[in-house]
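*Asks:* Provided below for reference: sequence and predicted model.
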Amino acid sequence: MRSRPWPGIYLWICLILLVEGFLNFVFVMEYDILMSFAVTAIIVSLIIKAGDRAIKWAFISFGGINFVFYLGVTLLIIALQQSRGNISLEDINTVLLYQHGTWWDIVSPIFGSYGLR
């Protein structure tokens with residue numbers, strides 16, 4: 001077996017996963033986790049290839065962004081609850097759609113937004 005530099009073929013595998021996830025998104029379900037996995041894997045592999053300094057920089061940067069984001073959302077929810085009473089983050093129409101809707105009911109808004117209807 002030939003020695004190939006990493007990530008090498010791993011990036012191609014991630015791109016295939018991205019395409020497969022996109023096809024699943026278009027033809028099967030409104031959201032597909034495969035695309036998120038593929039994009040995350042590509043980003044992480046490039047960070048790892050860049051070395052220890054890049055890993056430390058990414059850890060601190062992305063960790064800080066996440067901390068600030070979640071802190072902001074938490075403070076916003078607390079402020080909204082105090083000003084308006086109890087709030088719900090659940091969209092009833094979406095819940096009913098997935099509980100009682102057909103496959104076509106779920107995917108038809110996708111085709112309508114791209115003019116394919």
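*Replies:* Happy to help now that I have it.
*Asks:* so where's this protein uncertain?
*Replies:* Along the chain, the parts satisfying pLDDT under 70 run over 1-4, 84-92, 109-117.
*Asks:* repeat that for 50
*Replies:* Applying pLDDT under 50 to the chain flags the ranges 1, 113-117.
*Asks:* Identify each buried residue in the host helix or strand of Leu76, please.
*Replies:* With secondary structure defined by DSSP states H and E, Leu76 is part of helix 52-84. Residues of helix 52-84 classed as buried by neighbour count (16 or more other C-beta atoms under 10 Å): Ala58. C-betas here are computed from N, CA, C, even on glycine.
*Asks:* quick one: that helix to chain centroid distance?
*Replies:* Mean-position distance between helix 52-84 and its chain equals 17 Å (C-alpha atoms, centre = their mean, to the nearest Å).
*Asks:* Output the contacting helices and strands for that helix.
*Replies:* Contact partners of helix 52-84 among helices and strands, from 3 or more C-beta pairs under 8 Å, 6 or more residues apart in numbering; DSSP states H and E: helix 33-50.
*Asks:* Just the residues contacting the helix it packs on, thanks.
*Replies:* Residues outside helix 33-50 that contact it (C-beta atoms under 8 Å, 6 or more residues apart in numbering): 6-7, 10-11, 14-15, 17-18, 20-22, 24-25, 54-55, 58.
*Asks:* how about Gly51, phi and psi?
*Replies:* The phi/psi pair for Gly51 (degrees, to the nearest 10) reads phi 110, psi -180.
*Asks:* residues in contact with Tyr31?
*Replies:* Phe25.
*Asks:* Look up how far Ser83 lies from it.
*Replies:* The gap separating Tyr31 from Ser83 is 31 Å, by C-beta to C-beta, to the nearest Å.
*Asks:* cool, and Phe59?
*Replies:* 36 Å.
*Asks:* likewise Leu34?
*Replies:* In terms of C-beta to C-beta, Leu34 sits 40 Å off from Ser83.
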